[in-house]
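# Next input, structure requested:
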Amino acid sequence: MNTLKKYELMEKIVRELEDLQNSQQALIQKIGKIEVDNIELGDSRLEKDLPDIHQNLADNLDTISGILDYFAGKTQTFGDKNNVDALKEQEAINNATS
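Numbering: from 1, shown residues only. Coordinates of the predicted model:
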């Protein structure tokens, strides 16, 4: 895999991790809303299980955020080290003259 293709794949993974992080945040918000609604309802099973679900989702979000920070930094470093902007410009020139 050439350098530019590798960088583009790394960028794609960063975007997918960002999407995963946003999805996880949305799930936490939904569970929170259900927990609030259940305060009025008072269902014992929901009272018992929802806090565990909420905590597991929060733990997963922390893990995803850590991976995202790590991999976004790795992607940026790879791009800087390999002068990816110049590679993109060269590829655009090559495609325009082909």
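# so Pro51 makes contact with Gly32?
No. Contact criterion CB atoms under 8 Å: Pro51 and Gly32 do not qualify, at 10.6 Å. Where C-beta positions appear, they are placed from N, C-alpha and C, glycine not excepted.
# model confidence over the strand or helix carrying Asp62, on average?
Counting by DSSP states H and E, the element that carries Asp62 is helix 44-81. Helix 44-81 carries an average pLDDT of 97.
# Which other helices and strands does the very next helix or strand once past that helix contact?
As assigned by DSSP H and E, the chain's next helix or strand after helix 44-81 is helix 84-97. Here helix 84-97 touches helix 3-41, going by 3 or more CB pairs under 8 Å, 6 or more residues apart in numbering; DSSP states H and E.
# again, only using 10 Å
With contacts defined as 3 or more CB pairs under 10 Å, 6 or more residues apart in numbering; DSSP states H and E, helix 84-97 has these neighbours: helix 3-41, helix 44-81.
# What mean pLDDT does the longest one get?
For helix 3-41, the mean per-residue pLDDT is 97.
# Buried residues, that helix. List them.
Tyr7, Met10, Glu11, Ile13, Val14, Leu17, Leu20, Gln21, Gln24, Leu27, Ile28, Ile31 (16 or more other CB atoms under 10 Å).
# nearest residue to the third one other than its sequence neighbours?
Read that as Glu11. Once flanking residues are discounted, Glu11 sits nearest to Thr75: 6.2 Å by CB to CB, 6 or more residues apart in numbering.
# Ok, the first one next?
Nearest residue to Tyr7, sequence neighbours excluded (CB to CB, 6+ apart): Val84, at 4.8 Å.
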